[in-house]
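Novice: The following comprises the amino acid sequence and a computationally predicted model.
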Protein chains: 2
Amino acid sequence: MTTQATPRERLLDAAGELFYRDGVNIGVDALCKAAGVSKKSMYQLFRSKDELIAESLASVGPSYQRALEPDLGEASTPRERILVVFEKQDRLTAQGEFFGCPFVSTAFELKNPEHPGSVVARHFKQRLTDFFLGELVAAGVDDPELMAVQLTMAFDGASARAVVRAQALGGLGIKMAEALLDAAGVRAPELASQAR
Amino acid sequence: MTTQATPRERLLDAAGELFYRDGVNIGVDALCKAAGVSKKSMYQLFRSKDELIAESLASVGPSYQRALEPDLGEASTPRERILVVFEKQDRLTAQGEFFGCPFVSTAFELKNPEHPGSVVARHFKQRLTDFFLGELVAAGVDDPELMAVQLTMAFDGASARAVVRAQALGGLGIKMAEALLDAAGVRAPELASQAR
DNA sequence: CAGAGCCTAAACCGATCGGTTTCCAAACGC
DNA sequence: GCGTTTGGAAACCGATCGGTTTAGGCTCTG
């Protein structure tokens, strides 16, 4: 049965996928049809389509974060843990149907920064920056806040390139992150030991 | 009179602005009304709305390039000429009503990479990369192609940040470009001479 | 001055937009 | 078993979508 999850879950799942794949301008009818939920149910679960946009974005947020950040014990050093994000992004761009970071994509589409979906997007982008910040502080970087922002911009710039060119990054994002980390003195362990 | 320019010019101008400000999903009626052109005229000047999207993007392309690249004699060294692009971007994000690079924005909205508008977007993004490439070759950088791509990604990442946070960059893009240029050995003249 | 072209305004087309309402069947607690 | 709640199917609302057509005004050229 399709009807294992609650209508709310089915709606959030379908919305998370369709808003990302087809854009936030997809119709409510198509959305409800894909979710197997009536419009009546949708409108008593969510005040408006705009609220559904925001809530579905908030619901895919954590899983998107998890898909990017390193698993426990996957990487040990801050540099490695930061680069894992760019490696996983690289893999995402390679497996087709990539439309960019869902938060950036939604923010671009909505235009209005006060739209509830834009607020959610802003929040989750900050969480990625915060992840970088934690690692950079652990690495003892000079200006960790600035560096965390730069890594976030590198991440989104790489994502934008994959979208505009409609092709995989092929390591370009990783290389850019490495260049920034090198410049900030967050050296690879082997290189650091070689440097002595 | 509003009717100084030809209907085609008025349409391209209005489309360039409204597609950017309100997104490509703005209606044809609103567009024609803003341009002071009848739908009939529009549809005998352009085969479809999609074609108008592409042509209007192509028509704003050169002026957007000009707004970013340094004027003749504005900057002398390759490093300065590259940084001018980021300085002008910084200023663009500060003057309100900034919705990101129009090419990236349109590509994100269209989703379909084969849409004529996406093709135009790809073309103009490549031209920015080519500008960087020319300067980097002049600067004698090791891997100018890679560096040019990284600067383009830095540019688009900075633009994405300004959109998502809905605020000016405040020099963050410039600093990132400087970090990348420093790492690539494209030093500022003063620093280079001080280093001797 | 007559006729041809170009243009806008506006009606029109079927489809779809976001949102509401009605109807009815299945699932629920008692 | 009975009443209530839940939720899906579908009609319905006015507005708008992309696109076409009609009607008529304006300006050129001859």
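Specialist: Sure, I can see it. Worth saying up front: this structure is predicted, and the values here are computed from it rather than measured.

Novice: only C-alpha atoms for contact and neighbour calcs from this point on.
Specialist: Will do.

Novice: just checking, A:Asn112 touches A:Ser118?
Specialist: Yes - checked against CA atoms under 8 Å, the pair A:Asn112 and A:Ser118 is within contact range at 7.2 Å.

Novice: Neighbour count for those two, which is higher?
Specialist: With neighbours defined as other CA atoms under 10 Å in any protein chain shown, A:Asn112 and A:Ser118 compare such that A:Ser118 has more, 27 against 19.

Novice: which residue packs closest to the more buried one, ignoring adjacent ones?
Specialist: Excluding the flanking residues, the one nearest A:Ser118 by CA to CA, 6 or more residues apart in numbering or on different chains is A:Ala107, at 5.2 Å.

Novice: Could you point out the helix or strand that follows the helix or strand hosting the one you found?
Specialist: Applying DSSP states H and E as the criterion places A:Ala107 in helix A:102-110. Next helix or strand after helix A:102-110 toward the C-terminus (DSSP H and E): helix A:116-139.

Novice: now the angle from that next one to helix A:102-110?
Specialist: 140 degrees (axes from the mean of the first three to the mean of the last three CA atoms, to 10 degrees).

Novice: So for helix A:116-139, what gets flagged as buried?
Specialist: A:116-137, A:139 (16 or more other CA atoms under 10 Å in any protein chain shown).

Novice: Packing partners of that helix?
Specialist: Contact partners of helix A:116-139 among helices and strands, from 3 or more CA pairs under 8 Å, 6 or more residues apart in numbering or on different chains; DSSP states H and E: helix A:49-68, helix A:78-94, helix A:102-110, helix A:144-165, helix B:144-165.

Novice: B:Arg81 is nearest to which of the ones you listed?
Specialist: helix B:144-165 (12.6 Å; CA to CA).

Novice: immediately after that closest one, which helix or strand?
Specialist: Taking DSSP H and E, what comes next after helix B:144-165 is helix B:172-183.

Novice: Give me the phi and psi for the single nearest residue of chain A relative to DNA strand C.
Specialist: Nearest to DNA strand C, among the residues of chain A, is A:Gly27, at 3.0 Å (CA to the nearest atom of the strand). Dihedral pair for A:Gly27: phi -80, psi 150, per degrees, to the nearest 10.

Novice: separation between it and chain B?
Specialist: A:Gly27 sits 12 Å away from chain B, going by CA to the nearest CA, to the nearest Å.

Novice: again, but for A:Phe132
Specialist: Counting by CA to the nearest CA - A:Phe132 and chain B are separated by 15 Å.

Novice: Confirm for me that that residue is in contact with A:Met153.
Specialist: No - if you go by CA under 8 Å, A:Phe132 and A:Met153 don't touch, sitting 11.4 Å apart.

Novice: re earlier: I'd like to know how far the residue nearest to A:Ser118 sits from A:Val120.
Specialist: Going from A:Ala107 to A:Val120 by CA to CA, to the nearest Å gives 9 Å.

Novice: and if you look at A:Ala184?
Specialist: In terms of CA to CA, A:Ala184 sits 30 Å off from A:Val120.

Novice: and chain A, which of its residues are near chain B?
Specialist: For chain A, the residues in contact with chain B (CA under 8 Å from any CA of the partner chain) are A:21-23, A:25, A:99-100, A:104-105, A:107-109, A:111, A:113, A:118, A:121-122, A:146, A:150, A:152-158, A:160-161, A:163-166, A:172, A:176, A:179-180, A:182-183.

Novice: near DNA strand C, which residues of chain A show up?
Specialist: A:25-30, A:39-40, A:43, A:47-50 (CA under 7 Å from any atom of the strand).

Novice: Buried subset of the residues you listed, written for ChimeraX?
Specialist: Provided next is the ChimeraX selection string for whichever of the residues of chain A next to DNA strand C are buried by 16+ other CA under 10 Å:
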select /A:28,49
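
Novice: State the pair within the residues of chain A next to DNA strand C that is farthest apart.
Specialist: Of all pairs in these, the most separated under CA to CA is A:Asn25 and A:Lys40 at 19.5 Å.
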